[in-house]
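[1] structure for the following, please:
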Amino acid sequence: MFSVGVKISGLDDFIAPSQDCIKPAVLETSSYQNSTRGTIKVESDGTYKELQSNGNEVVLQKAKITLNDCLACSGCVTTAETMLIEQQSYSQILEVLKNRKFGDIIAASISPQSIASLAEFYKESFESTAAKVSSFLKSLGVNYVFDTNVGRNLTLLESGKEFVKRFRGSKENLPVFTSSCPGWICYAEKTHGEFILPYISRVKSPQQMMGSLVKRHLAKVLNEDPSNIYHFTVMPCFDKKLEALRSDFVVPGTEIKEMDCVVATNELFLMIAETGSSLDTLDGTPFDCLLSLLNEKQKRAYQFTSHEGSGAGGYIEYVFKYASEKLFNVVRPSIDFVTKRSTDHKELFLTVDGEVKLRFAVAYGFKNLGNFAMKLKKKNLKYDYVEIMACPSACLNGGGQLRSESVSNKELLSNVTRKYLSLPVSEPTFQTDFYSYATESNEEVGGDGSFLFAEYKSVPKLNTNSLNIKW
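    Got it, this is the predicted structure:
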């Protein structure tokens, strides 16, 4: 039994659903706790009542499953299907905007995958759609609108460094699995636990990099307490809500979340409709340049750029090129993928003097995730690095993206990908004032490593058999 706060679709997309995740409601009223249990009946309006032995009727509370409950249990793992929780919805954002206190700062970080989905829906260019989304949010009172590509660049840079360090080490913790997909992380922690955790990259995802940049660095630059900043993201994936609510993604020394709320692309669409707005009628407003705000040496307007690679974020392409140069002095190696059974499983090799030096792979979709994990357990996974995502075709096909009844999913994905890759390519580089500023100033805002890195941990399985639960 789920509360009305939870909406679930695509049940066949759940991986190994476990009844252990069903949690009985614990009523806090002393009158109920001290009473003798009786018969439960369901009223015509859907309410539950207990007929106690003394003749009294007690209205039972419905169990509510929150996102934190999902992370705390050992039950179902979903790819990125629609799980809308009251704590993480656009209604919460509208409420914050309506009841904001004087001096509060509200910031939004928008993923380029979400912009691409909206651009295809409105049949406009990526840049035009982004400007109109910015205009819409600022008309509601949002102070800053950022591109999560800023956080992604930091993620890519650190991912390259991390892989080279591991490769030069004992290699016991190879392959390195990317960690930016929360659906994959949730599955790994609950299903494989301690066995697989050493292989997962510790570098934060772009979303959580943005959380650190806004709640730690921007707060410091603006001389604001992080508690006075409300930060939300728009993402192509519902599982990003799970990621934002992880207990370790907080400002050091506080319980302040780095990310206050996450809404999916289709939730932003509903938010626009509910407020009576339409992107078609809005004039564009540029995105804010977070780099300029954080570093006065780089005062400039924000320019959208893309990256080499797919909508998954370009991890495999960037790390492959970086590692090829740092480890084997091969500059700008060719990116020639070998497709296996489908485009969701591809291989990439670096060959020097006839010898394979690096073995990289792409694994999208839970079928491939499970296969890769099983091969790793059998010590039969011969890769050094794996770009791994829970959704087939990766993030542009996320569960939170807009769908269409007029075209096939394949055609829609192709069109969204075209919008996404329409931007000029700009490779992240360490030779920027911003990278030095962001990493060095980390010492001033709690240099505990939590700015760039995350910790993942095994989620113990419950010993509860739901069939034995006494409701």
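[2] show me which residues of stretch 107-127 are buried.
    107-122, 124, 126-127 (16 or more other CB atoms under 10 Å). Bear in mind the C-beta positions are built from the backbone N, C-alpha and C, glycine included.
[3] if you could redo that for stretch 331-347, that was the one I meant.
    Across stretch 331-347, burial judged by 16+ other CB under 10 Å covers Pro333, Asp344, His345, Lys346.
[4] quick revisit: the buried residues of stretch 107-127 in helices, which ones?
    The helices, defined by DSSP state H, take in 112-122, 126-127 from the buried residues of stretch 107-127.
[5] so where's the longest helix in the protein?
    helix 149-168.
[6] chain center to it: distance?
    Centroid separation for helix 149-168 versus its chain: 17 Å, with CA atoms, centre = their mean, to the nearest Å.
[7] pLDDT and secondary structure for the buried residues of stretch 331-347 - can I get that in CSV?
    Shown next, in CSV, are the buried residues of stretch 331-347 (pLDDT from 0 to 100; DSSP: H, G, I helix; E, B strand; the rest coil):
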residue, pLDDT, secondary structure
Pro333, 93, coil
Asp344, 90, coil
His345, 93, strand
Lys346, 94, strand
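[8] from the residues you listed, which two are the most distant?
    Farthest pair in the buried residues of stretch 331-347 (CB to CB) is Pro333 and Asp344. Separation: 23.0 Å.
[9] what about the strands in the chain?
    Under the criterion DSSP state E, the chain contains strands at 14-15, 39-42, 48-51, 57-60, 77-78, 105-110, 144-147, 176-177, 229-235, 261-264, 338-339, 345-352, 355-364, 385-389.
[10] give the buried residues for the longest one.
    Within strand 355-364, the residues that count as buried by 16+ other CB under 10 Å are Lys357, Leu358, Arg359, Phe360, Ala361, Val362, Ala363, Tyr364.
[11] return the closest of those residues with respect to Lys457.
    Ala363 (22.3 Å).
[12] if I look at the closest one, how far off is Asn409?
    In this view, Ala363 and Asn409 are 20 Å apart by CB to CB, to the nearest Å.
[13] please apply the same query to Tyr322.
    To Asn409, Tyr322 is 34 Å away according to CB to CB.
[14] what does Pro182 give?
    Where Asn409 is concerned, Pro182 sits at a distance of 22 Å (CB to CB).
[15] who has more neighbours, those two?
    Shown here are Pro182 and Asn409; by other CB atoms under 10 Å, Pro182 has more neighbours (26 against 12).
[16] give me every residue that touches the more buried one.
    Ser205, Cys237, Asp239, Lys240, Leu242, Glu243 (CB atoms under 8 Å, 6 or more residues apart in numbering).
[17] now, which of those residues sits nearest Gly399?
    Cys237 (6.2 Å).
[18] residues near the closest one, how many?
    Neighbour count of Cys237, defined by other CB under 10 Å: 31.
[19] ok, now Thr129?
    By other CB under 10 Å, 23 other residues sit near Thr129.
[20] so what's it closest to, chain neighbours aside?
    Excluding the flanking residues, the one nearest Thr129 by CB to CB, 6 or more residues apart in numbering is Ala119, at 3.9 Å.
[21] kindly reformat the strands of the chain as CSV containing distance to Met271.
    Converted to CSV, the strands of the chain look like this (distance: least, CB to CB, whole Å):
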stretch, distance to Met271
strand 14-15, 27
strand 39-42, 35
strand 48-51, 33
strand 57-60, 34
strand 77-78, 23
strand 105-110, 11
strand 144-147, 14
strand 176-177, 34
strand 229-235, 9
strand 261-264, 7
strand 338-339, 38
strand 345-352, 36
strand 355-364, 29
strand 385-389, 26
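[22] from the ones you listed, which stretch is densest packed?
    Mean neighbours per residue, mean count of other CB atoms under 10 Å, is largest over those for strand 385-389, with a mean of 28.
[23] for it, give me every contacting residue.
    With CB under 8 Å, 6+ apart as the test, strand 385-389 has contacts from 163, 174-178, 181, 183-184, 312-313, 315-316, 319-320, 323, 358-365, 368-369, 372, 395.
[24] ok, now which ones touch the residue nearest to Ile105 when sequence neighbours are not counted?
    Distances taken as CB to CB, 6+ apart place Ile229 nearest to Ile105, at 4.7 Å, with adjacent residues excluded. By CB under 8 Å, 6+ apart, the contact list for Ile229 reads Asp104, Ile105, Ile106, Ala107, Val214, Lys215, Leu218, Ala219.
[25] how about 10 Å then?
    Residues near Ile229 by CB atoms under 10 Å, 6 or more residues apart in numbering: 104-107, 143-144, 214-215, 218-219, 222, 251, 256, 260.
[26] next, format those as JSON lines and append pLDDT.
    Shown next, in JSON lines, are the contacts of Ile229 (pLDDT from 0 to 100):
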{"residue": "Asp104", "pLDDT": "88"}
{"residue": "Ile105", "pLDDT": "93"}
{"residue": "Ile106", "pLDDT": "94"}
{"residue": "Ala107", "pLDDT": "96"}
{"residue": "Asn143", "pLDDT": "94"}
{"residue": "Tyr144", "pLDDT": "95"}
{"residue": "Val214", "pLDDT": "92"}
{"residue": "Lys215", "pLDDT": "91"}
{"residue": "Leu218", "pLDDT": "89"}
{"residue": "Ala219", "pLDDT": "88"}
{"residue": "Leu222", "pLDDT": "88"}
{"residue": "Val251", "pLDDT": "88"}
{"residue": "Ile256", "pLDDT": "90"}
{"residue": "Asp260", "pLDDT": "92"}
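[27] which residues of the stretch 251-400 of the chain score low on pLDDT?
    For the stretch 251-400 of the chain, applying pLDDT under 70 flags the ranges 296-299.
[28] next up, the contacts around the nearest residue to Gly365 once chain neighbours are set aside.
    Of all residues beyond its chain neighbours, the one nearest Gly365 is Pro392 (4.0 Å), with distances taken as CB to CB, 6+ apart. Contacts of Pro392 were listed using CB under 10 Å, 6+ apart, and they are Thr79, Ser342, Thr343, Asp344, Tyr364, Gly365, Phe366, Lys367, Asn368, Asn409, Leu413.
[29] centroid residue for this structure?
    Residue closest to the average C-alpha location in the chain (CA atoms, centre = their mean): Lys240, at 3.1 Å.
[30] surely that one is in contact with Ser205?
    Yes - using CB atoms under 10 Å as the test, Lys240 is close enough to Ser205 to be in contact (8.2 Å).
[31] overlap in contacts of these two?
    Residues touching both Lys240 and Ser205 (CB under 10 Å, 6+ apart): Ser180, Cys181, Pro182.
[32] which one of the contacts of Pro182 is nearest Phe167?
    Of these, the one sitting nearest to Phe167 (CB to CB) turns out to be Ser205, at 21.8 Å.
[33] model confidence for Glu224, exactly?
    Note on Glu224: pLDDT of 89.
[34] okay, now it: neighbour count?
    Glu224 - counted by other CB under 10 Å - has 15 other residues nearby.
[35] show the contacting residues for the spatially closest residue to it that is not a sequence neighbour.
    Closest residue to Glu224 apart from its sequence neighbours, by CB to CB, 6+ apart: Ile105 at 6.2 Å. Counting by CB under 10 Å, 6+ apart, Ile105 makes contact with 142-144, 214, 218-219, 222, 224, 226, 228-231.
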